[in-house]
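# kindly return the folded structure for what I paste below:
(chains A and B)
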There are 2 protein chains.
Amino acid sequence: MQADVPPREDLGRALCIITGASRGFGRTISKEVSRLVKPRSVLVLAARSGDDLRALQADLAASDAGGTGLVVHCVEADLGLKEGVESVIRASKEASSEDIDHLILVNNAGSLGDVSRYTKSFINMSEVDSYLSFNVSSAMCLTAGVLQAFPQRAGLKRTIVNITSLCALQPFPSWVLYCTGKAAREMIFRVLAEEEPDLRVLSYSPGPLDTAMQMEARTKTADPSLRETYSAMFSQGQLLTCEASCAKLMKVLLEDDYPSGAHLDVYDV
Amino acid sequence: MQADVPPREDLGRALCIITGASRGFGRTISKEVSRLVKPRSVLVLAARSGDDLRALQADLAASDAGGTGLVVHCVEADLGLKEGVESVIRASKEASSEDIDHLILVNNAGSLGDVSRYTKSFINMSEVDSYLSFNVSSAMCLTAGVLQAFPQRAGLKRTIVNITSLCALQPFPSWVLYCTGKAAREMIFRVLAEEEPDLRVLSYSPGPLDTAMQMEARTKTADPSLRETYSAMFSQGQLLTCEASCAKLMKVLLEDDYPSGAHLDVYDV
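Model (predicted):
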């Protein structure tokens, strides 16, 4: 951060689109963002489970942010399908208003893939194709669609966040789908940052979070050493809470001095 | 290379499977490999164009290698489809014989994708899905299928080559599909190398080659600066011939002392 510019105290009058918002880290992001945006901001929350989304919507309505006129839209959508991506774009267009000064898209939705098997077992192309469609194509096409729907204009800041992982950078045995998907996704956003210098593009790696995905990791991972590492982190209380990691992400977004396209790890913030 | 071990002079009695074999770098690899394998080796050449494959087969039959009993099988297959991948695996099983001592799979097939547009234009999920299916899923599933068909056994060396690019490591504006696909592919092979220490896994970046793909790059690339860079390389004779780059790849395979899973660039050899 430049020494003479204090960090912003809020995220502006924002339209914030969050995928995978119903659970885990996405749910926490939704709550934290709702506290940091100005009154009459809009959240568009997308996930497969409509029930979980509506529960989150009720929580937000009952919170302080709800009282200041935060508008929350829920989009029940499967981002592995073109229709799902399109419905999030459509809902975002409909939900937006003219006085929005900050567009924020958080590409958070993702799946671990089957970590109980090694690469040599992945002979079924449909399985790999649908993993990549949900984890890679949807992030690319949703981002493209949102950028087209909200083109560059004076007074509009545009921030694109990609929730990434150390797995985008390092190979983890028996996690071939996850590593491949995260590496692919991160490259999309690096290219985007090169192409669109007016955008703020961030790949944020939230660290090992105490979520359902981590439980899957420590119980199902085929590689014994990796499985034990995660089990030990859990039993020794080393997993991060979603709140702690999300606080770091919010700090980064408010300070807003990361190089566009960068990979930032929670432990580096 | 260890100082006291001379490089091998041949690739053994090999079964060598090469995708995208009909043109460009794949065609050159096929020819070079045919010169470096022992008599009664087998080549399985896969590509979409059966005519081009048969022309290559005739060339190989007329060469010195053909005279020493090299067996060449052509598989006309679209690797973007599950049936295509399966037909390469099936043909490889049928073509193999018991005295093979080196299995070599060269994942060379790949496409540039549409480089005439920027990331923000990629709103069509089907386009992205089919790019990833041909360039990522097929390489994963073909590799898995080949490893299952030819499991580890005493006396069998197994080498998996991934033809990669600088684009796997660095973002190139207007090349989002290519960069994303290459980053994803390279991660597959890094994970594989971690999982299967008996394999030899190499991601080889052949450099800017004087091929049809390069012509596409210098004529269609949307980013003006990148397009000019490639045009200048072409007009100043800085593109590499497939033969020169392939000679480096063969040197690496014969010396066989790269760390498994490594990315090696032609300019580093």
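# got the phi and psi for the closest residue to residue A:267 other than its chain neighbours?
Nearest residue to residue A:267, sequence neighbours excluded (CB to CB, 6 or more residues apart in numbering or on different chains): residue A:207, at 6.3 Å. Quick note: C-beta positions are derived from backbone N, CA and C, even for glycine. With angles defined as degrees, to the nearest 10, residue A:207 sits at phi 90, psi -180.
# tell me how many other residues surround residue A:207.
18 (other CB atoms under 10 Å in any protein chain shown).
# what of residue A:248?
Using other CB under 10 Å, residue A:248 has 19 neighbouring residues.
# ok, it - contacts?
Neighbour list for residue A:248: A:266, A:269 [criterion: CB atoms under 8 Å, 6 or more residues apart in numbering or on different chains].
# how about residue A:73?
Taking CB under 8 Å, 6+ apart, we find residue A:73 in contact with A:42-45, A:91, A:94-95.
# look up phi and psi at it.
Torsion angles, degrees, to the nearest 10, at residue A:73: phi -110, psi 130.
# please apply the same query to residue A:43.
Dihedral angles of residue A:43 (phi, psi; degrees, to the nearest 10) stand at phi -110, psi 130.
# for the spatially closest residue to residue A:240 that is not a sequence neighbour, what are its contacts?
Spatial nearest neighbour of residue A:240, excluding adjacent residues (CB to CB, 6+ apart): residue A:207 at 4.9 Å. Contacts for residue A:207 (CB under 8 Å, 6+ apart) come out as A:240, A:245, A:265-267.
# per-residue pLDDT, residue A:207?
pLDDT for residue A:207: 97.
# quick one: buried residues of stretch A:91-98?
By 16 or more other CB atoms under 10 Å in any protein chain shown, the buried positions in stretch A:91-98 come out as A:91-92, A:95-96.
# quick one: the residue nearest to residue A:240 from chain B, how far?
Separation of residue A:207 from chain B (CB to the nearest CB, to the nearest Å) stands at 20 Å.
# likewise residue A:110?
Here residue A:110 is placed at a distance of 14 Å from chain B (CB to the nearest CB).
# wasn't residue A:44 part of a strand?
Yes - counting by DSSP: H, G, I helix; E, B strand; the rest coil, residue A:44 is part of a strand.
# surely it touches residue A:19?
No - counting by CB atoms under 8 Å, residue A:44 does not reach residue A:19; the two are 9.3 Å apart.
# identify the contacts common to the two.
Listed as contacting both residue A:44 and residue A:19 by CB under 8 Å, 6+ apart are residue A:88.
# what number of residues lie near the nearest residue to residue A:222 once chain neighbours are set aside?
Of all residues not flanking residue A:222 in the chain, residue A:174 sits nearest, at 3.8 Å (CB to CB, 6+ apart). By other CB under 10 Å, 26 other residues sit near residue A:174.
# likewise for residue A:99?
10.
# and for the one 3 residues further on?
Counted with other CB under 10 Å, the burial measure for residue A:102 works out to 22 neighbours.
# likewise for residue A:54?
Residues near residue A:54, counting by other CB under 10 Å: 15.
# how much space between it and chain B?
26 Å.
# cool, and residue A:10?
Taking CB to the nearest CB, one finds residue A:10 at 27 Å from chain B.
# now swap in residue A:49 and tell me
To chain B, residue A:49 is 21 Å away according to CB to the nearest CB.
# ok, that residue - contacts?
Applying CB under 8 Å, 6+ apart, we find residue A:49 in contact with A:22-23, A:76.
# and if we set it to 6 Å?
residue A:22 (CB atoms under 6 Å, 6 or more residues apart in numbering or on different chains).
# got it, and residue A:204?
Taking CB under 6 Å, 6+ apart, we find residue A:204 in contact with A:249, A:264.
# surely it is within a strand?
Yes - counting by three-state DSSP, residue A:204 falls inside a strand.
# so what's it bridging to?
Residue A:204 has these beta-bridge partners by DSSP bridges: residue A:163, residue A:264.
# repeat that for residue A:42.
Under the criterion used (DSSP bridges), residue A:42 bridges to residue A:15, residue A:71.
# what's around it, how many residues?
19.
# what parts of the stretch 1-150 of chain A come near chain B?
A:82, A:118-120, A:122-123, A:125, A:128-129, A:132-133, A:137, A:140-141, A:144-145, A:147 (CB under 6 Å from any CB of the partner chain).
# make it 10 Å
Within the stretch 1-150 of chain A, the positions adjacent to chain B are A:79-86, A:89, A:117-133, A:136-149 by CB under 10 Å from any CB of the partner chain.
# give me the distance between residue A:58 and residue A:27.
The spacing between residue A:58 and residue A:27, counted by CB to CB, to the nearest Å, is 13 Å.
# of the two, who's got more company?
Neighbour comparison, residue A:58 and residue A:27: the larger count goes to residue A:27, with 24 against 12 (by other CB under 10 Å).
# pull the contacting residues for the more buried one.
Neighbouring residues of residue A:27 by CB atoms under 10 Å, 6 or more residues apart in numbering or on different chains: A:18, A:20-21, A:45, A:47, A:52-53, A:55-56, A:59, A:108, A:211, A:242, A:246.
# so for the helix or strand hosting it, what gets flagged as buried?
Assigned by DSSP states H and E, residue A:27 belongs to helix A:24-36. Buried residues in helix A:24-36, counting neighbours by 16+ other CB under 10 Å, are found at A:24-34, A:36.
# okay, now residue A:88: neighbour count?
By other CB under 10 Å, 25 other residues sit near residue A:88.
# remind me which helix or strand the nearest residue to residue A:23 once chain neighbours are set aside belongs to.
Distance criterion CB to CB, 6+ apart; nearest residue to residue A:23, sequence neighbours excluded, is residue A:52 at 6.2 Å. Using DSSP H and E, residue A:52 sits within helix A:50-62.
# could I have that helix exported to PDB, CA atoms only?
What follows is helix A:50-62, C-alpha atoms only, in PDB (Å, rounded to 0.1, in the frame of the first residue of the first chain):
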ATOM      1  CA  GLY A  50     -31.900 -22.900  -2.800                       C
ATOM      2  CA  ASP A  51     -32.900 -23.800   0.800                       C
ATOM      3  CA  ASP A  52     -29.400 -23.000   2.200                       C
ATOM      4  CA  LEU A  53     -29.400 -19.700   0.200                       C
ATOM      5  CA  ARG A  54     -32.700 -18.700   1.600                       C
ATOM      6  CA  ALA A  55     -31.500 -19.400   5.100                       C
ATOM      7  CA  LEU A  56     -28.500 -17.200   4.500                       C
ATOM      8  CA  GLN A  57     -30.700 -14.500   3.000                       C
ATOM      9  CA  ALA A  58     -32.800 -14.600   6.200                       C
ATOM     10  CA  ASP A  59     -29.700 -14.300   8.300                       C
ATOM     11  CA  LEU A  60     -28.500 -11.300   6.300                       C
ATOM     12  CA  ALA A  61     -31.900  -9.600   6.500                       C
ATOM     13  CA  ALA A  62     -31.800  -9.900  10.300                       C
END
